[in-house]
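sequence and predicted model, in that order:
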Amino acid sequence: MTLSITRAVALGYLFLLIIACKGGNEEQLPVDFVWDREDCEECKMALSDPHYAAQVIDAKGRPYYFDDIGCAILWLERQPWKDKARTWVNDVRTTEWIEAEKANWKADDPQTPMGYGFAATLSQVENPLEYESVKKSMLSGNTLVNENMQKHLGSGHQQPRGGKQPVAGVGEKAE
């Protein structure tokens, strides 16, 4: 008799556990996690800065974590279910989770983890961007990291007079 009661209780707990696990995140809300224990889906860096992280929540409520909104945008663009996802970002000033669509965005923050420069906040910012503009900038490569590379690497600098001439490549004639 005691064994059957124990089995019944165990089955009851198992049933409740299954129901609890099945009831997911239908509202697609951000999910708590432990900082420095989750990796970015795109670049595989640890999520360690609560000012710039992002989460993409799929239609089933599953979270995908990102260290930078730029990584989230690039990754989400490749997903067939991208139009059914909900994207959350940390407010750069308060570190609270906010919906990416509702944020005021700025494009010149040099502290972002991947250097893309996009930071979100619910506070007022000068010349705010909308999230759609942030996505377009990311997908076209118009980011702070690319701007900085252009500054430092240039776009085809000419050799100064008297400098070394380029070596002819394969199939080219040297002058």
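Happy to help now that I have it. Numbers count the residues shown, from 1 in each chain.

ok, how many other residues are close to the spatially closest residue to Leu144 that is not a sequence neighbour?
Counting by C-beta to C-beta, 6 or more residues apart in numbering, Gly117 is the residue found nearest to Leu144 once chain neighbours are left out, at 2.7 Å. Using the backbone N, CA and C atoms, a C-beta is placed for each residue, glycine as well. Close neighbours of Gly117, defined as other C-beta atoms under 10 Å, add up to 24.

for Gly117, give me its contacts.
By C-beta atoms under 8 Å, 6 or more residues apart in numbering, the contact set of Gly117 is Ala107, Asp108, Asp109, Pro110, Thr143, Leu144, Val145, Glu147.

show me the helices in this protein, by range?
2-22, 69-77, 131-140, 144-153 (DSSP state H).

distance of the spatially most central residue of the chain relative to Ala85?
In the chain, the residue lying closest to the centroid (C-alpha atoms, centre = their mean) is Ala72, at 2.8 Å. With distances taken as C-beta to C-beta, to the nearest Å, Ala72 is found 9 Å from Ala85.

what's the overlap in contacts for these two?
The contact sets of Ala72 and Ala85 overlap at Val56 (C-beta under 8 Å, 6+ apart).

tell me the contacts of the residue nearest to Tyr116 when sequence neighbours are not counted?
Excluding the flanking residues, the one nearest Tyr116 by C-beta to C-beta, 6+ apart is Gly70, at 3.4 Å. Gly70 makes contact with Thr112, Met114, Tyr116, Phe118, Met138, Thr143, according to C-beta under 8 Å, 6+ apart.

mind picking the two most distant members of the residues you listed?
Distance extremes for the contacts of Gly70: the farthest pair is Thr112 and Met138 at 11.5 Å, using C-beta to C-beta.

which one's more surrounded, these two?
Using other C-beta under 10 Å as the criterion, Thr112 and Met138 rank with Thr112 on top: 23 against 20.
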